[in-house]
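In: Next one to model:
(one chain, ligands or ions: 1)
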Amino acid sequence: MATADQVKALVKSHADGDDTRFYSVALQVAAGAARNGHGRFAQELKDLVDSLRQGSGRTGAKGRLVAVAQPRGELAQLLTVSYPELVLADMALSPDVMNRLERVILEQRQAGKLHSFGFQPVRRLLLTGAPGTGKTMSAKVLAGELRLPLFVIRLDGLITKFMGETAAKLRLVFDALSETRGVYLFDEVDALAGERANGNDVGEIRRVLNSFLQFLEGHSSESLLIAATNHPQLLDRAMFRRFDTVIEYPLPDSAVARRVIKNRLATVEVTRLNWAKIDHAAAGLSQGEVTIAAELAAKDAILTGGGPVTTAALCQALEARKPDRTS
Ligand SMILES: Nc1ncnc2c1ncn2[C@@H]1O[C@H](COP(=O)(O)OP(=O)(O)OP(=O)(O)O)[C@@H](O)[C@H]1O
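Out: Next up is the predicted model:
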């Protein structure tokens, strides 16, 4: 059954209008009930959370509309598929990035309406920003929100593995993109920049880049194509022009970092936190680093049985993630 802290967390997240946290704590209560032999209650609670999330229109794969797609044969070597259940509310983002992702979801959901007036929904996105700011997670969220499979193509791996044949392999991927509706993430797209050749043939990279640009331009299917990079400065200008939208992911400000921490600590006991100190310790870290630090502090508290997560423990974990401390 729910602990006193879980009940408090439920009430607090309800008051804050924080659905993600509310559902997360409710599922924690269900898990605890299952462990204590209250299987029926646990299942009912889990079903209730699932149906509420579905009803809010922000659920992931439940009631998924697309058939399960599994790349076969040669294609299986080129991309991986998953069916993410993440939703936008799982992310902590600046209002600008959040609005822009909401807009992509809206245009994709209303694609039929746009088509009937002769317009196309946004279908080519370029995501740029430092590691750990949520570019890959955004691709998962878009797949989750649109109830589509997510296909990931690692361009650097493709080039290294198929040097000389990469353009032909890319064609296979773009054929799949036309045939099977999905979200297709081309990760590390800067691998197509000549500067990144790293011993690979620059002329070959150029040819692959030209093929990629052509395929990109010709992309008119219902799939959503996303390219992501940590190094936008390496990309050819011609590349930027081919995308409908470029979304830049900044490092989190303190409001965003606080949200990451609150979400990660939603299920554990926490002392009254000194947010000014935590803001200072989290400054300059990505959402990914803040997540790791919050998880570490939470797990330490659980494993040592030393009581609630404190400001000091959290700050120590955050400071340890700073680049000069981790390298
Ligand atoms: N905006 C965010 N909100 C909540 N959690 C986040 C966010 N961004 C990152 N995270 C956490 O950090 C992890 C890694 O993030 P992600 O892989 O999306 O970063 P990325 O920008 O794609 O980095 P890279 O460029 O290294 O691939 C996520 O799985 C998630 O746990």
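
In: would Leu126 count as being in a helix?
Out: No. Going by DSSP: H, G, I helix; E, B strand; the rest coil, the assignment for Leu126 is strand, not a helix.

In: i'd like the first residue to be 457 from this point on
Out: Got it, the first residue is 457 from now on, which makes the last one we talked about Leu582.

In: check contacts around it.
Out: By CB atoms under 8 Å, 6 or more residues apart in numbering, the contact set of Leu582 is Val645, Ile682, Ala683, Ala684, Thr685, Pro688, Met695, Phe696, Phe699, Thr701, Val702, Ile703. C-betas here are computed from N, CA, C, even on glycine.

In: which one of those residues sits closest to Ala595?
Out: Ile682 (5.0 Å; CB to CB).

In: Hmm, Val578 and the closest one touching each other?
Out: No. If you go by CB atoms under 8 Å, Ile682 and Val578 don't touch, sitting 10.6 Å apart.

In: which of those two has more neighbours?
Out: Per other CB atoms under 10 Å, whichever of Ile682 and Val578 has more neighbours is Ile682, with 28 against 18.

In: Would you mind identifying the next helix or strand past the helix or strand where the more buried one lies?
Out: Element membership of Ile682 [criterion: DSSP states H and E] is strand 680-685. Moving toward the C-terminus from strand 680-685, the next helix or strand (DSSP H and E) is helix 693-697.

In: Please report phi then psi for the nearest residue to Pro540 once chain neighbours are set aside.
Out: With CB to CB, 6 or more residues apart in numbering as the criterion, Pro540 has its nearest non-adjacent residue at 3.8 Å, and that residue is Lys596. Taking degrees, to the nearest 10, you get phi -60, psi -40 for the backbone angles of Lys596.

In: coming back round to it: export the contacts of Leu582 to CSV and append columns for pLDDT and distance to Ser538.
Out: Shown next, in CSV, are these (pLDDT from 0 to 100; distance: CB to CB, whole Å):
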residue, pLDDT, distance to Ser538
Val645, 90, 19
Ile682, 97, 14
Ala683, 96, 18
Ala684, 96, 16
Thr685, 94, 21
Pro688, 92, 25
Met695, 86, 26
Phe696, 88, 28
Phe699, 94, 23
Thr701, 95, 23
Val702, 96, 25
Ile703, 97, 21
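
In: Pull out the buried members of those residues.
Out: Val645, Ile682, Ala683, Ala684, Thr685, Pro688, Met695, Phe699, Thr701, Val702, Ile703 (16 or more other CB atoms under 10 Å).

In: Where does the residue nearest the centre of the chain sit: helix, strand or coil?
Out: Geometric centre of the chain, nearest residue: Met593, 0.8 Å, by CA atoms, centre = their mean. At Met593 the chain is in helix, as set by three-state DSSP.

In: For Gln533, see how far away it is.
Out: Separation of Met593 from Gln533 (CB to CB, to the nearest Å): 25 Å.

In: Next, the distance between the ends of stretch 686-699.
Out: End-to-end distance of stretch 686-699: 16 Å, with CA to CA, to the nearest Å as the criterion.

In: Ranking helices and strands of the chain by mean pLDDT, which lands last?
Out: When each helix and strand of the chain is scored by mean pLDDT, DSSP states H and E, helix 779-782 comes last, with a mean of 65.

In: Please enumerate the helices of the stretch 557-706 of the chain.
Out: Using DSSP state H, counting those that start in this stretch, the helices of the stretch 557-706 of the chain run over 567-572, 591-602, 611-618, 622-635, 658-674, 693-697.

In: from these, which stretch is densest packed?
Out: Per-stretch averages of neighbours, counted by mean count of other CB atoms under 10 Å, single out helix 591-602 among the helices of the stretch 557-706 of the chain, with a mean of 23.

In: wait, what's in contact with Leu504?
Out: By CB under 8 Å, 6+ apart, the contact set of Leu504 is Ala482.

In: ok, and which of the buried ones among the contacts of Leu582 reach the ligand?
Out: Among the buried ones among the contacts of Leu582, not one lies near the ligand by CB under 6 Å from any ligand atom.

In: Out of those residues, which comes closest to Asp475?
Out: Closest to Asp475, out of all of the buried ones among the contacts of Leu582 and judged by CB to CB, is Ile703, at 23.3 Å.
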